Structures are given as structure tokens and as C-alpha cells.
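Build me a model from this:
(one chain, ligands or ions: 1)
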Amino acid sequence: MIIDAVLSPAEIDLLPQQDLTKAVCIVFDVLRATSSILTGLAHGAEEIRPVVSIDEAFAARVQWPDAVLGGERFGDRIDGFDLGNSPQEYCRDGLRRIVTTTTNGTVALRACEAAREVWVGALLNMQALVGRLRQTAPERVLLVCAGTFRELALEDVLAAGMLACACPEATLTDAAHVARALYLQYQGRELTGLEQSKNGGVLRASGRGGDVLWCAQISRFPVIGILRDGVIKKG
Ligand code: MLT
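Below you'll find the model as predicted:
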């Protein structure tokens, strides 16, 4: 198994032009998009559609009139949406179908669409990811770090590195080695990593420190989200 990594949004822009047909892409947007998606799946959501734009989200709800709209712009709930992007909002009962759009996370998920498989990754489901990789042993794994706006995000690289670290039998590319080395700096202190990240600081400063704590939980949910035909389901 070869583990590669895409560490920044500039590289994510190029993914649609690459041949990903042999790759399992695992997308990390730890603060907070993929953590919210996994929290929703763990609390009974059956179908989550990640979309890139706000217009696309409203159009998706025409197809899915029973869906709730969730997501953020600049961290805040979008006008006319039912939910923001706090993972704790996704614990609510009765969220069967969700359409979500966020600044980086849903963009990264959609950029991987042509991959053999696309999995949703976070610290929250780390053990499930490791178990599934061991079970399926794909030839090529691409860890996709969603980032924040146009920048690399420490927390995404940390989570990618944790997964790389948990696969000692794999051959790592230089990018995956970088992620692994970052993770080793924070091993056992993952919350510190999230708190030291730019995103973590912004969330804490805006009264959302509870989200940082939530997203720092390791392997809380034994759930894998798989994106197929534009929709994420438990897989
Ligand atoms: C994103 O997709 O850029 C993030 O999830 C933003 C956020 O923290 O809500």
C-alpha cells in the first residue's frame, strides 16, 4: 500500500485533472466539516450530500424536500439554512437527509469524486479508518487535507499523519512523511494541536471552543462515511 497526501487547497484544485481511479481518497476537514458529517452519520443521518455552492444546496433541497440544509461561510450559519457547521448540531434526532456546503471540506470531498472510493476522515473515526484500511488494503491511498480558505490547516495534516503512522507496513510518499512527522510532534496531545492551529484559535475566540474539544475526540465513532454518486452514506 502506498500512502500519499495532499496537504493544501492549491493541490486540491488539481485533483479533478488527476487519474484517481485506483486511489482511495480519505478527506480530512477536522475543524469542522468532516467531523460534523461523521457526527451526523453516527446519530442516524442516512444520506448527506456535500455541495460546493449555496445555490447548489438550495437546488439539492428541491430534489430532497425532506433534507435539512447545513454548513457555513466564514464559520457562521448561512442565511436560510437550518444548521450551521458545529458538529454538536448534527447530534439532533431526525436528521435523515442533510445537504451541506462549507468553505473547504465539501469542496475537497467533491474534488475527489472520480476516485475509486472517497472516505470521510476525522479524529472522531480514526480507528474505523485504520481498521478499514487494514481490511481492504488498497494499492493507493491519498490523504486529502482540506485546509482553511487557501491555506494548509495543521489539524488536517495532524489527522492525516496519525493515519499514516497507524499503517507502518505502508510505503509513504514525502508528503505523507511530512504529515506523519507533524503528527509525532503532537502524539498524545492532539487537543493541543487543534488548539494551536489557526482554525482552533478562531473557533475558540468566537465562543466555539466546545467544537474544538468535540473534534479532538479520538475514535469516538466507529463509522466510515463513503461518498458515492454525490451522496455520503455509512459504508
Ligand atoms: C470548512 O469547510 O472550511 C470548515 O469546516 C469551516 C468551519 O470550521 O466551519
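
what residues does this structure put near the ligand?
Residues of the chain lying close to the ligand by Cβ under 6 Å from any ligand atom are 29, 31, 32, 33, 72, 75, 85, 102, 103, 104, 105, 148. The way it works is simple: take the backbone N, C-alpha and C, and place the C-beta from them, glycine included.

8 Å instead?
Taking Cβ under 8 Å from any ligand atom, the part of the chain that reaches the ligand is made up of 29, 31-34, 36, 71-72, 75, 84-86, 102-108, 146-149, 199, 202-203, 211.

Filter the residues you listed down to the buried ones, PyMOL style.
Buried residues within these, by 16 or more other Cβ atoms under 10 Å, are selected in PyMOL with:
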select buried, resi 29+31+32+33+34+36+71+72+75+84+85+86+102+103+104+105+106+107+108+146+147+148+199+203+211
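
avg pLDDT for stretch 68-84?
The pLDDT scores in stretch 68-84 average 97.

before we move on, back to that, can you tell me which of the residues of the chain next to the ligand are in helices?
33, 34, 36, 105, 106, 107, 108, 199, 202, 203, 211 (DSSP state H).

Who are the contact partners of residue 170?
By Cβ atoms under 8 Å, 6 or more residues apart in numbering, residue 170 lies in contact with 1, 2, 3, 141, 164.

Sorry, slip of the keys, the one I care about is residue 182.
By Cβ under 8 Å, 6+ apart, the contact list for residue 182 reads 154, 157, 158, 161.

could you measure it against residue 61, distance?
38 Å (Cβ to Cβ, to the nearest Å).

and what of residue 168?
45 Å.

Look at the two and report which has more neighbours.
The neighbour count for residue 168 versus residue 61, taken as other Cβ atoms under 10 Å, is higher for residue 61 (18 against 7).

quick one: contacts for the more buried one?
67, 69, 99.

likewise residue 129?
By Cβ under 8 Å, 6+ apart, residue 129 lies in contact with 26, 119, 121, 163, 224.

Nearest to residue 46 among those?
Of all the contacts of residue 129, residue 224 has the smallest distance to residue 46: 14.4 Å, by Cβ to Cβ.

so what's residue 162 scoring on pLDDT?
Residue 162 is assigned a predicted lDDT (pLDDT) of 98.

And residue 194, by the same measure?
For residue 194, the predicted pLDDT is 98.

Same question for the one 4 residues further on.
Note for residue 198: predicted pLDDT of 97.

which ones are touching residue 40?
If you count contacts by Cβ under 8 Å, 6+ apart, residue 40 has them with 48, 90, 95, 98.

How about the third one, nearest residue that isn't a chain neighbour?
Distance criterion Cβ to Cβ, 6 or more residues apart in numbering; nearest residue to residue 95, sequence neighbours excluded, is residue 45 at 5.0 Å.

Distance of the one you found relative to residue 181?
Taking Cβ to Cβ, one finds residue 45 at 35 Å from residue 181.

Just the strands from this protein, written as ranges.
Here the chain has its strands, by DSSP state E, at 2-6, 23-28, 47-50, 68-71, 97-101, 117-121, 140-145, 171-172, 225-228, 231-234.

In CSV: these, plus distance to residue 207.
As requested, these are exported to CSV (distance: least, Cβ to Cβ, whole Å):
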stretch, distance to residue 207
strand 2-6, 32
strand 23-28, 24
strand 47-50, 26
strand 68-71, 19
strand 97-101, 22
strand 117-121, 26
strand 140-145, 26
strand 171-172, 38
strand 225-228, 28
strand 231-234, 28
